Structure formats: C-alpha cells, structure tokens
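J.: quick one: sequence plus predicted model below, questions after.
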Amino acid sequence: MTANGHVMEGDGVAIDDGVILGYAGGGRASQGLVIGAGSRLRTGTVLYAGSAFGCRFETGHNVVVREDNVVGDDVSIWSNAFVDYGCAIGDRVKIHVGCYVAQFSCIGDGAFLAPGVVFANDLFPGDAVSADAMRGPTIGMGVQIGVNVTIVPYVSIGAGSIVGAGSVVTKDIPEGMLAYGCPARVVGPVSDIDIASRVRLRAGRSPETNDRPPLRGVDDAGGTEAR
C-alpha cells in the first residue's frame, strides 16, 4: 500500500498490497483523504486525495475513485469501475464491475448499478460551452439499473425505478417506473409488475412450486454427462 499526503483511516480498515491512497489529482486543489471504519480495499484500488468515504466502504480490484467525491456508508464499488471527480454517492449503493460514473453525478441511497453501466456528462464533447455546463445524471433512491445501460447528461431517474438492460436513457424517468429500450421509454409502474412470476418464467421454474430445473449437462449426482 502507498499513501500520499494526509490520509485519515477509521478503525479496522483492511488494505491489500498494491493500493494507492491520496493520489494527487491533476491541477485540482483537493487535500486529504478520509476512509471510514471497517472498510476493505483490494489490490489495484486507487483513491485520490480530496474524497471522503463512509464506514464499511468496499472495493474490488482495480477500482479508481477520483477527487472531490463524497461517498456514504456501506458502499461497494466492484472491480474495474471508475468514479470520476465531484460525485455524491449515498449509503448502501452498489456499483458493479466495469461501470463508469461521470463527473458531477449523484446517486441516491440504495441504488444498484449492474455491470457495464455508463454515465455521460457532456452533451457536446470538445465544445467550451458544453464543458462549462457539464453535469452527470441524478439517480434516485433505490433505483435499479440493468447491465450495459447508458445514461446521458442531465437525466434524472426517480426513486424506486428500474431500467432494463441495454437501455439508452435520454429523458427523465419518474419515480417508481419501469423503463427500457433504445431510447428508453416508460412502460408502466414497477408496482404493477409480478416480479416473482417473471423471474420463474425466465428461469424455467415451476410457477406452482418454484422448483429449479436441472442444469444442462449435469446429472443427478452432480457430475457432468458424457457427451
């Protein structure tokens, strides 16, 4: 582990070899790094100076979090994810592998980002006016965002909404709605969805018993069938 500058660690922080703490951000005046009690930082994690992390923060491998971020308690950021500077992340947020959270994004308590989610924050990259107005999406409390979703600048997703895998979100989504598609469109309230039945149907389980079907190529004894 390498620590640069002033790093404040709470009790019981576990840090692997190969972690860099307090990395100096390019051209920004941030100072200090705060890591809450009970945190777990895995190999390859880089946390820039000027960010503050709550208790029980956890990273996978090769996670980068830049400066001027405020991160709540019980947040997990998994392997190969990148959080750019100036973001606000609430409590109990889960950011899965390979996500990119753009500068000046906000993520509410309990939100979940599935693998490969990408935030954008610049409508016209390379334009000075657009750069001056740079802002990422605002994600409400408890929002669930599916695999490989892209969310464009300024978009707000209301609390409790679900965004389906592969969607491109170009407009605001109200609270408690299911949306999907490219571009994403709202198809109805989450409360109208029989989630248990949909999961059983897609998983091939019996609607009556919820029994799991046998895996293809695996016999009853747990071995693989001869092919």
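T.: All right, it came through fine. On a predicted model such as this, the values are computed, not experimentally measured, just so you know.

J.: check which helix or strand Ala179 maps to.
T.: Using DSSP states H and E, Ala179 maps to strand 177-181.

J.: excluding chain neighbours, what is closest to Asp11?
T.: Of all residues not flanking Asp11 in the chain, Ala37 sits nearest, at 4.6 Å (CB to CB, 6 or more residues apart in numbering). The way it works is simple: take the backbone N, C-alpha and C, and place the C-beta from them, glycine included.

J.: does the one you found touch Gly12 like I think?
T.: Yes - if you go by CB atoms under 8 Å, Ala37 and Gly12 touch, sitting 5.6 Å apart.

J.: if we can go back for a sec, tell me the helix or strand right after the strand holding Ala179.
T.: strand 184-189.

J.: list the buried ones in that next one?
T.: Ala184 (16 or more other CB atoms under 10 Å).

J.: which element follows that strand toward the C-terminus?
T.: Taking DSSP H and E, what comes next after strand 184-189 is helix 195-203.

J.: can you list the buried residues in that next one?
T.: By 16+ other CB under 10 Å, the buried positions in helix 195-203 come out as Arg200.

J.: which elements pack onto it?
T.: Using 3 or more CB pairs under 8 Å, 6 or more residues apart in numbering; DSSP states H and E as the contact test, no helix or strand touches helix 195-203.

J.: which residues in this protein form helices?
T.: If DSSP state H is used as the criterion, the helices of the chain fall at 128-132, 195-203.

J.: switch those over to a markdown table; also include distance to Glu67 and mean pLDDT.
T.: Below are those laid out as a markdown table (distance: least, CB to CB, whole Å; pLDDT from 0 to 100):
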| stretch | distance to Glu67 | mean pLDDT |
| --- | --- | --- |
| helix 128-132 | 18 | 94 |
| helix 195-203 | 39 | 83 |
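
J.: quick one: closest of the ones you listed to Ala159.
T.: helix 195-203 (17.3 Å; CB to CB).

J.: in this protein, what helix or strand scores lowest on average pLDDT?
T.: Using mean pLDDT, DSSP states H and E, strand 2-3 stands out as the lowest-scoring helix or strand of the chain, at a mean of 72.

J.: and the contacts of that strand?
T.: Val19, Ile20, Leu21, Gly22 (CB atoms under 8 Å, 6 or more residues apart in numbering).

J.: where does confidence bottom out across those residues?
T.: Model confidence across the contacts of strand 2-3 bottoms out at Gly22, which has 93.

J.: quick check: that one touching Val7?
T.: Yes - Gly22 lies in contact with Val7 (CB under 8 Å); the separation is 5.0 Å.

J.: which neighbours do the two share?
T.: Gly32, Leu33.

J.: who has more neighbours out of those two?
T.: Gly22 (23 against 16; other CB atoms under 10 Å).

J.: quick one, what contacts the more buried one?
T.: Ala3, Asn4, Gly5, His6, Val7, Gly32, Leu33, Leu47, Tyr48, Ala49.

J.: apply 7 Å and report the result again.
T.: Counting by CB atoms under 7 Å, 6 or more residues apart in numbering, Gly22 touches Ala3, Asn4, Gly5, His6, Val7, Leu33, Ala49.
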